[in-house]
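Asker: Here is my input, please return the structure:
(chains A and B)
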Amino acid sequence: MSAALELRGVAKSFGRTEIIRGVDLAVERGERHAIIGPNGAGKSTLFNLVSGRFPASDGKILLNGEDITGLAPYEINRKGLSRSFQVTNIFHRLSVFENIRCAVLWPLGYRYSFWHRLGALGDARSRAEEIMQSIGLERRRDTPAGVLSYAEQRALEIGVTIAGGAEVILLDEPTAGMNRTETAHAVELIRAVTRGKTLVMVEHDMSVVFDLADRISVLVYGALIATGAPAAIRSDRAVQEAYLGRSLDDA
Amino acid sequence: MTARSLRYKPVDLGRWLAWGGFALVLLAAPLVSGTSFAITLLSQMGIGIVFALSYNMLLGQSGMLSFGHAVYSGLGAYIAAHALNLVGRGQLAFPVTLLPLVGGISGMLFAVAFGYVTTRRSGTTFAMISLGIGELVAACSLMFPGFFGGEGGVTTNRVVGQPILGISYGPAIQVYYLIAAWTFACTAAMYAFTHTPLGRIANAVRDNPERAEFIGYSPQRVRWFVMIIAGFFAGVAGGLACINFEIVSAENVGAARSGGVLIATFIGGAGFFFGPILGAIVYAAMVTGVGTLTKAWLLYLGVLFLVMVLFAPGGFASLIVMNLRMARFGQLGRLVPHYIALACAGLAALAGLVGLAEITYYFSLEGEARPRTELFGIAMNVMTAAPWAGAAALLVVGVALTALAWRRFRREWDAGQRAIQEGGNRP
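Answerer: Residues are numbered from 1 along each chain as shown, chains lettered A, B, ... in the order given. I've put the predicted structure just below:
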């Protein structure tokens, strides 16, 4: 049985600067995996490589055992990997409902169709309404995404990411910029919508990380210095040093 | 569950009224004035509507600012003209009624080829490439006289064979109804397109091409497919123009035509489906209507475009929609006096502008030879200072009053908006 997501010696350089230096990582099916690390460690870059936003300079990326290195983002997405963005990245002039419906069209097989009438696609509508309900935005159905509050946009960001039903979900700092209540709400949301799926998340909020993650990887200067269960990571010497001696709970 | 069932009305009355009204206007328009000028104008409006709607598939719906859309309508028109000439010589059997289809398929095929190149990129790069392709085709039109007919263009004759049911397409009114039928069909088809998966994903690509890639769509593909469909409808417009004018020349593929459809679409309102329809009507009225009245029509079109860009960037369509919203919440009444003030001040400014422009044109064209003329029923001598000073004063005072009225209007408008917001979201 192959891992849901596997990285083998993945590296990325911009010019002469090495941002990611040979990362090996295997995320098991159904696992919730968090990637943490200080600012500038390359966490977002790693996501960009996996999701196809940037091509990797070296190494291999496998999704369910299949090589996806060098594929375009839409090809990777069609194979069952979906990601969210740290800076909200939605269709701002479309309504909440349309945002989500757009995200379910390809997986439902409507692709580039101009011979289906959207209003008649019951499966797309009910799937979009289901997602809207699960992210708690059904009352904002017809509101343009651009005028939603920040927390609502973050929820929509997650909704658009999970709507397609991808098996592997990458969330890039889903709680960034949220207050305590919003964060608690977001954690519950993430837990609910990623049930039965493989989740990889970059997160700065350690309480979120220790709350959600089955395993944690620590990325420092483009290299993984540790991977393991939350308890093991908490007591890892190298990790503590990377965080300048602070305990992870304060970070 | 009740909320859900409420959304599905058995008959959408508004939609039936809108489409029925549109059909009725198309049918009845020639009855208002049957002069040959009116029929010509109406025919051009119909062609313009199809062309502008096809352009807005790119601009408003997919975020592609094209400077070369005339390539598809123009090449469609050329091929339709050649096809019509073949029919006329008896070398091809094809009904004139369906000739726009020849234009459409040609436009589509050129969009398959050229669009593949232009739609690789978006934004400014797309705009530049579309401009380049436009110039390329315009240059070709003079390089290959065999196909493009050189300076004179390709002439044709729409009256071929025996009349069918009395329809020969000789009289302009028959051509008008042919154009009206195609305009209705194309408008309905393009509206339907906005409610398809590809049509919606085109909006998504317009808003955020990057995110579209992460929900399974290739933005290049989406842009290319939309371009192909827009190319089809542009080609239909070209085929209709070929039948209407019976001549296709380099002008049909030129930059001026591409710029014209951009202006028409913008002043109509790219953000709404029906915006380009309004824009095409206003544009044809400016070019053909005002164009026959005065040599300064291009200046007036430019001023209209500027005013729209500066004060109503959403076009006429958004003005209508915003005022309908005000009316729905009962806030339009408070604006009426301000509209009257704006109209009066604006008219004074317009009169001053037109006066100055017309005197200037008259002066430079006729000058000293015939200094006496008449404008708005006022006799004047353009070699004296009085008409110039009068028009300039009218313009200055008019603009100042308009600015004043505009400021007061804005204040009232904002107050109306606040009242709507405080009153809740429901009318």
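
Asker: mind checking how far the residue in chain B positioned nearest to chain A is from residue B:12?
Answerer: Closest residue of chain B to chain A, C-beta to the nearest C-beta: residue B:216 (3.3 Å). For the C-beta atoms, the positions are set from N, CA and C on the backbone; glycine is no exception. Using C-beta to C-beta, to the nearest Å, residue B:216 is found at 31 Å from residue B:12.

Asker: that older thread, next, the residue of chain B closest to chain A: secondary structure please.
Answerer: Assigned with DSSP: H, G, I helix; E, B strand; the rest coil, residue B:216 falls in the coil class.

Asker: burial count for the spatially closest residue to it that is not a sequence neighbour?
Answerer: The shortest distance from residue B:216 to any non-neighbouring residue, by C-beta to C-beta, 6 or more residues apart in numbering or on different chains, is to residue A:106 (3.3 Å). Neighbours of residue A:106 under the rule other C-beta atoms under 10 Å in any protein chain shown: 20.

Asker: Surely residue A:106 touches residue B:214?
Answerer: No - with contact defined as C-beta atoms under 8 Å, residue A:106 does not reach residue B:214; the gap is 10.8 Å.

Asker: any common contacting residues for these two?
Answerer: By C-beta atoms under 8 Å, 6 or more residues apart in numbering or on different chains, residue A:106 and residue B:214 have these common neighbours: residue A:77.

Asker: Spell out which parts of the stretch 51-200 of chain B neighbour chain A.
Answerer: B:192, B:193, B:195, B:196, B:197, B:198, B:199, B:200 (C-beta under 8 Å from any C-beta of the partner chain).

Asker: Tell me how chain B divides into domains.
Answerer: Chain B resolves into domains spanning B:14-279, B:329-422 when parsed by automatic domain parsing.

Asker: In TSV: the ones you listed, plus mean pLDDT and distance to residue A:241.
Answerer: Formatted as TSV, the domains of chain B follow (pLDDT from 0 to 100; distance: least, C-beta to C-beta, whole Å):
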stretch	mean pLDDT	distance to residue A:241
domain B:14-279	95	36
domain B:329-422	90	55
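
Asker: Most tightly packed of the ones you listed?
Answerer: Highest mean neighbour count of the domains of chain B: domain B:14-279, a mean of 21 (counted as mean count of other C-beta atoms under 10 Å in any protein chain shown).

Asker: Centre of the chain to it, how far?
Answerer: Computed by C-alpha atoms, centre = their mean, to the nearest Å, the chain-centroid distance of domain B:14-279 equals 11 Å.

Asker: Which strand or helix spans residue A:171?
Answerer: Using DSSP states H and E, residue A:171 falls within strand A:168-172.

Asker: Would you mind pulling up the elements that that strand packs against?
Answerer: helix A:43-50, strand A:81-83, helix A:150-163, strand A:198-202 (3 or more C-beta pairs under 8 Å, 6 or more residues apart in numbering or on different chains; DSSP states H and E).

Asker: Check which residues of the third one are buried.
Answerer: The neighbour-count check on helix A:150-163 (16 or more other C-beta atoms under 10 Å in any protein chain shown) flags A:151-163 as buried.

Asker: Make a markdown table from these and add pLDDT to it.
Answerer: Below are the buried residues of helix A:150-163 laid out as a markdown table (pLDDT from 0 to 100):
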| residue | pLDDT |
| --- | --- |
| A:151 | 91 |
| A:152 | 94 |
| A:153 | 95 |
| A:154 | 94 |
| A:155 | 93 |
| A:156 | 96 |
| A:157 | 96 |
| A:158 | 95 |
| A:159 | 95 |
| A:160 | 97 |
| A:161 | 96 |
| A:162 | 95 |
| A:163 | 96 |
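
Asker: Cross-check those against chain B and keep the overlap.
Answerer: Checking the buried residues of helix A:150-163 against chain B (C-beta under 8 Å from any C-beta), the matches are A:160, A:161, A:163.

Asker: Of those residues, which is the nearest to residue A:21?
Answerer: Minimum distance to residue A:21 across those is 27.9 Å, recorded for residue A:161 (C-beta to C-beta).

Asker: State the distance from the closest one to residue B:242.
Answerer: Taking C-beta to C-beta, one finds residue A:161 at 50 Å from residue B:242.

Asker: same thing with residue B:295?
Answerer: Distance from residue B:295 to residue B:242, by C-beta to C-beta: 28 Å.

Asker: can you pull the contacts of residue 154?
Answerer: Just going to use chain A. Shown in contact with residue A:154 (C-beta under 8 Å, 6+ apart): A:88, A:174, A:175, A:176, A:177, A:178, A:182, A:186.

Asker: ah, I was thinking of chain B
Answerer: So residue B:154 contacts B:78, B:81, B:82, B:85, B:148, B:247, B:248, B:249 (C-beta under 8 Å, 6+ apart).

Asker: The longest helix anywhere in chain B: how far from the chain's middle?
Answerer: Using DSSP state H to define each element, chain B has its longest helix at helix B:385-422. The chain centroid and the centroid of helix B:385-422 are separated by 27 Å under C-alpha atoms, centre = their mean.

Asker: Tell me the helices and strands packed up against that helix.
Answerer: With contacts taken as 3+ C-beta pairs under 8 Å, 6+ apart, helix B:385-422 sits against helix B:315-328, helix B:336-365, strand B:378-381.

Asker: can I get these in a markdown table with distance to chain A?
Answerer: Formatted as a markdown table, the helices and strands packed on helix B:385-422 follow (distance: least, C-beta to the nearest C-beta, whole Å):
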| stretch | distance to chain A |
| --- | --- |
| helix B:315-328 | 13 |
| helix B:336-365 | 27 |
| strand B:378-381 | 50 |
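
Asker: Hmm, residue B:250 and residue B:152 touching each other?
Answerer: No - counting by C-beta under 8 Å, residue B:152 does not reach residue B:250; the two are 9.6 Å apart.

Asker: Identify the spatial nearest neighbour of residue 56, chain neighbours not counted.
Answerer: Since you didn't name a chain, this refers to chain A. Residue A:56 sits nearest to residue A:49 (C-beta to C-beta, 6+ apart), 4.8 Å away.

Asker: please go with chain B instead
Answerer: Nearest one to residue B:56, counting by C-beta to C-beta, 6+ apart, is residue B:276 at 4.5 Å.

Asker: The one you found against residue B:267, yeah?
Answerer: No - Residue B:276 is beyond contact range of residue B:267, at 9.6 Å (criterion: C-beta under 8 Å).

Asker: Which residues of the stretch 1-150 of chain A lie near chain B?
Answerer: Residues of the stretch 1-150 of chain A lying near chain B (C-beta under 8 Å from any C-beta): A:51, A:72-74, A:77-78, A:82-83, A:85, A:89-94, A:98-99, A:101-103, A:105-107, A:110-119, A:121.

Asker: ok and the residue in chain A nearest chain B?
Answerer: Counting by C-beta to the nearest C-beta, chain A gets nearest chain B through residue A:106, at 3.3 Å.

Asker: May I have the residues that are in contact with that residue?
Answerer: Residue A:106 makes contacts with A:77, A:78, A:164, B:215, B:216, B:217, as judged by C-beta under 8 Å, 6+ apart.

Asker: let's go with 10 Å and repeat that
Answerer: By C-beta atoms under 10 Å, 6 or more residues apart in numbering or on different chains, the residues touching residue A:106 are A:74, A:77, A:78, A:112, A:164, B:197, B:201, B:212, B:215, B:216, B:217.

Asker: go on, residue A:94?
Answerer: The neighbours of residue A:94, taking C-beta under 10 Å, 6+ apart as the test, are A:100, A:101, A:102, A:144, A:145, A:146, B:200, B:203, B:204, B:206, B:207, B:208.

Asker: mind redoing it with 8 Å?
Answerer: Residue A:94 is in contact with A:102, A:144, A:145, B:200, B:203, B:204, B:207, counting by C-beta under 8 Å, 6+ apart.

Asker: picking that back up, can you redo the helices and strands packed on helix B:385-422 as JSON lines with distance to residue A:59?
Answerer: Formatted as JSON lines, those follow (distance: least, C-beta to C-beta, whole Å):
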{"stretch": "helix B:315-328", "distance to residue A:59": "51"}
{"stretch": "helix B:336-365", "distance to residue A:59": "66"}
{"stretch": "strand B:378-381", "distance to residue A:59": "82"}
